[in-house]
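In: need coordinates for the following:
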Amino acid sequence: MGAAAALASSFVWALTSVMLTSQTGRMPALVMSGIRSLTASLALIVLLFATGSVETFEGVAAITVISMAGSGIMGQAVGDTLYINALGRLGVTRSFPITNSAYPFATFVLAVLLLGEDLSWTSPVGGALIVAGITWIVLEQRRERDIAPSRVEAPRGVLFALAAATAWATATVWLRGQQGDLDAIAAASLRIPAASAAVLATLALSGARPRTTAGVTPRSAAVVAVAGLLGTALGSILFIYAVERLGAAETAFLTTSAPLFALPMGVLFLGERLTWRVAFGTAITIAGIWLVLL
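Out: A predicted model of the protein is given here:
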């Protein structure tokens with residue numbers, strides 16, 4: 001069930017990426033982020049009471065509550081912000097391979113050193129194949145689209161990308177080590193609102209304001225809200241459940257496969273082309289997933 005949850009979270013995040021991509025030209029990123037985080041936070045709070053998960057807070061240690069909120073802030077507020085900075089300096093075709101490679105292996109090292117997770121040789125080897133396959137796919141997509149290289153600030157960009165991967169790895173291991181008796185819904189109901197509050201507070205303190213919202217329609221807002229429900233709320237619950245069952249390292253390896261699921265969705269809904277090179281990268285990724293699951 002843990003592996004299924006990890007792959008399901010990857011599928012949900014891939015679907016969310018396609019949904020958000022369809023709306024990027026219609027509303028400001030800040031507005032999109034606000035709708036997603038607010039929708040996900042409200043949904044998680046409703047689920048917390050509707051499923052009875054609130055009872056798992058009974059007798060919970062303060063360090064667990066602080067750690068769940070802290071891991072959410074570390075992963076989403078800090079990690080995602082660092083990744084956005086990397087994107088601005090390296091572009092997605094350079095940033096993604098760096099972070100997608102560094103995140104699972106940093107998680108692997110931290111999980112073994114700090115949590116004592118015992119993994120077979122197939123996990124890191126399979127993880128390496130997943131990373132190689134996804135990286136091949138990303139680079140091939142850039143070649144097919146003939147994307148001109150953006151202005152590159154290599155040293156700082158690489159630093160931001162590695163820092164983002166480290167933040168995500170730290171958040172994953174922190175979650176695994178300090179979740180205590182909280183179930184996945186309870187843990188997510190602490191992580192997501194805390195991360196959202198941290199992002200919104202940072203934006204407020206920085207004085208950042210969205211550009212005009214004239215292009216925001218009820219339909220576009222609904223699409224982003226559903227993306228928040230699926231990707232941010234449901235995806236987080238599935239991810240936490242997977243970490244509970246599989247451990248931090250194996251979950252990190254499996255969740256890097258999200259672009260694999262995004263490929264057919266991009267072909268079906270966004271008109272993207274599927275080439276033999278992309279199919280080859282997909283085959284490598286599937287082989288890696290198989291090894292991790294052994």
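In: for stretch 54-70, buried residues please.
Out: Of all the residues in stretch 54-70, those buried under the rule 16 or more other CB atoms under 10 Å are T56, T64, V65, S67, M68, A69, G70. Glycine gets a C-beta too; all of them are placed from N, C-alpha and C.
In: first to last residue in it, what's the distance?
Out: 19 Å (CA to CA, to the nearest Å).
In: how about residues contacting that stretch?
Out: With CB atoms under 8 Å, 6 or more residues apart in numbering as the test, stretch 54-70 has contacts from 48, 174-175, 177-183, 186-187, 190-191, 194.
In: so where's the stretch 151-294 of the chain shaky on pLDDT?
Out: 151-154, 203, 206-215, 258-260, 262-263, 265-267, 269-274, 293-294 (pLDDT under 70).
In: how about the helices in it?
Out: Using DSSP state H, counting those that start in this stretch, the helices of the stretch 151-294 of the chain run over 154-178, 184-206, 218-227, 235-246, 248-255, 258-269, 276-293.
In: mind putting these into TSV with mean neighbour count?
Out: Shown next, in TSV, are the helices of the stretch 151-294 of the chain (neighbours: other CB atoms under 10 Å):
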stretch	mean neighbour count
helix 154-178	21
helix 184-206	20
helix 218-227	17
helix 235-246	24
helix 248-255	28
helix 258-269	18
helix 276-293	18
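In: I figured T39 hits A225, correct?
Out: Yes - using CB atoms under 8 Å, T39 is in contact with A225, at 4.4 Å.
In: quick revisit: pipe the buried residues of stretch 54-70 into TSV and attach pLDDT, distance to G127 and secondary structure per row.
Out: Shown next, in TSV, are the buried residues of stretch 54-70 (pLDDT from 0 to 100; distance: CB to CB, whole Å; DSSP: H, G, I helix; E, B strand; the rest coil):
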residue	pLDDT	distance to G127	secondary structure
T56	88	31	helix
T64	92	29	helix
V65	92	31	helix
S67	94	25	helix
M68	94	26	helix
A69	94	29	helix
G70	94	26	helix
